[in-house]
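# Turn this into a structure:
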Amino acid sequence: MRVRDDQTRDSIALPAAARIAAFGLTAIRLVAVLVALLGLWGAPVLEAGEDRAYDLDHVVQETGTRLQWDPYREIGTLWNGRTSVSFRPGSSVVLEDYRTEHRIAGIERHNGSLRFSAEAVESFKSIFAMPERSEDGPTVGAIFVDPGHGGKDPGTIGRHEIDGELFEIHEKDIVLDIAHQLVGLLKQRYGDREIVMSRGDDTYLTLEERTEAANSVPIRDGEVILFVSVHANASLNSRASGFEVWYLSPEVPRDGLVTQASAGVNDPQLLSLLNTIRDEELTIESILLAQSVLEGLDSRVGAFTGNRGIKKESWYVVREAKMPSILVEVGFVTNKEEALLLADGEYLNKLAHGIYNGVNNFIEDFERRE
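Numbers count the residues shown, from 1 in each chain. Model prediction:
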C-alpha cells in the first residue's frame, strides 16, 4: 500500500448483526436510505380518472416485504425471505433475484413519491407468493487470494532501529506469508472449490494481471468468486497502527458486469439497468465480506492492535474485480511495535486465521438456505 497520512476516509464499523440481513437493508446506508424514504411514502392512494395508483406503504403491506432504496442510483429492491425484486421508477423492467426479468408497467415518481399501478401491485404479489426455489441462492465456487506487490515492487518498507541495529521489513514478504497460510486453511475447508493465488512466490505482477487472473477463474452458473487482496499499511504518522478492511465505494460504478452476450439482450437501456443492479449487489456482498473479515481479525489479533473498521475507496484491484472484493490491511510497518509483530511468524498465523474465519463465516451466511 502506498504511504499516506493517518486521516481515515469514510471509516464505518458495522455491528455483527449486519451479516444476518445479508441480502436486506445494510446498515452502511441506513441514514441515506431513511432520508430518501421520507420522500418515497406519500398519500395512500392517488386517484387519476379510472386508474388507481398505490403508494409504497400499500405495496410493502400487500407483499409482506421490506424496501432497500439506493438514492444514488434510484433503484429500489423489495425483499421477502430470500426473494427480491429490483425496480427503477420509469422503467418497465424489473429483476427477480437479480436474474429473472419481468415486464411490469406503472412504477413512477409522483411529486417525489413512488406510485405503483394496480397491475404492478398484483405482479409483485404474484412473484412473492411463488414458493422459494431449492436452488434459491448462489454459491461460492472459487476464492482468489491476492498477496500484494512482489518482485521488484517491495510495497511499503518499515525501517526501525532495534537495540542499535537496523531492522527492516517489507510488505511483499509479510503478505505472501499470510496468503500462503490463508490458502492452506481454505483448501482444507473447501477442497472441492477453486482456491487460487495471484502469486505464490516473490514475483512481480501488475494490477491488471491480478484482476485479469481473478476475472478469468472458471465458475459455473449460480457460482461467484470471492476476491481477497492482502496488504500491509504505512503512514507518515509513526504511531498509526491497527488493521482495516476496504471495499469499493458505491459512488464508483463497475463497468461491464453484464454484457449483451451474458444477458442475452440487445436493449442498451436494459443492459445499463442490469449492470447497475449487479453493481449494487456486489457492493452489498463486498461490505458484508469486509465486515465478516474485520470481525475475524478482531477476534484473533484485537488484543494486540487496534480495529480501524471498514472503509471505502476505489483501489484498482477491488474496482476491476467483477466479484465481491475486499482489500485487507493487516497492520502498519511504519509503527515499530507493529512491525515487530508483523515479523513474528506466530502473529502472521493469527492474521491468516482471522481472515480465514471471516471468509468462512461469510460463505456460511451467503449460502444459507432459509
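# Please name the nearest non-neighbouring residue to the most centrally placed residue in the chain.
By C-alpha atoms, centre = their mean, the chain has its centre lying nearest to S286, at 0.9 Å. Sequence neighbours aside, Y247 is the residue nearest to S286 in space, at 4.2 Å (criterion: C-beta to C-beta, 6 or more residues apart in numbering). For every residue, glycine as well, the C-beta is placed using N, CA and C.
# where does that neighbour sit relative to H149, distance-wise?
20 Å (C-beta to C-beta, to the nearest Å).
# what about the two, which has more around it?
Using other C-beta atoms under 10 Å as the criterion, Y247 and H149 rank with Y247 on top: 27 against 23.
# what residues are up against the more buried one?
Neighbouring residues of Y247 by C-beta atoms under 8 Å, 6 or more residues apart in numbering: 283, 286-287, 289-290, 310-312, 318, 325-327.
# beta partners of E194?
A142 (DSSP bridges).
# looking at it, it is touching V183, isn't it?
No - distance between E194 and V183: 11.2 Å, which falls outside the contact criterion (C-beta atoms under 8 Å).
# who's more crowded, those two?
With neighbours defined as other C-beta under 10 Å, E194 and V183 compare such that V183 has more, 20 against 15.
# Assign a three-state SS to that one, would you?
For V183, the assignment made with DSSP: H, G, I helix; E, B strand; the rest coil gives helix.
# any idea how far it lies from I195?
Taking C-beta to C-beta as the measure, V183 and I195 are separated by 6 Å.
# Give me the common contacts of the two.
Applying C-beta under 8 Å, 6+ apart, one finds that V183 and I195 are jointly contacted by V145.
# Break this protein down into its structural domains.
The chain resolves into domains spanning 39-129, 139-366 when parsed by automatic domain parsing.
# which other helices and strands contact the longest strand belonging to the chain?
Criterion DSSP state E: the longest strand present in the chain is strand 223-233. Applying 3 or more C-beta pairs under 8 Å, 6 or more residues apart in numbering; DSSP states H and E, we find strand 223-233 packed against strand 139-147, helix 171-189, helix 207-215, helix 268-301, helix 316-320, strand 325-332, helix 345-366.
# so who does T211 touch?
Applying C-beta under 8 Å, 6+ apart, the residues near T211 are 316-317, 320-321.
# for these, which one is nearest I225?
Proximity of the contacts of T211 to I225 (C-beta to C-beta) peaks at A321, which lies at 8.2 Å.
# Not counting stretch 196-205 itself, show me its contacts.
Outside stretch 196-205, the residues touching it (C-beta under 8 Å, 6+ apart) are 142-147, 149-153, 172-173, 176, 179-180, 183, 209-210, 213-214, 217.
# What residues sit buried inside that stretch?
Residues of stretch 196-205 classed as buried: 196-199, 205 (neighbour count, 16 or more other C-beta atoms under 10 Å).
# Give me the subset of those residues lying in helices.
Among the buried residues of stretch 196-205, DSSP state H puts none in helices.
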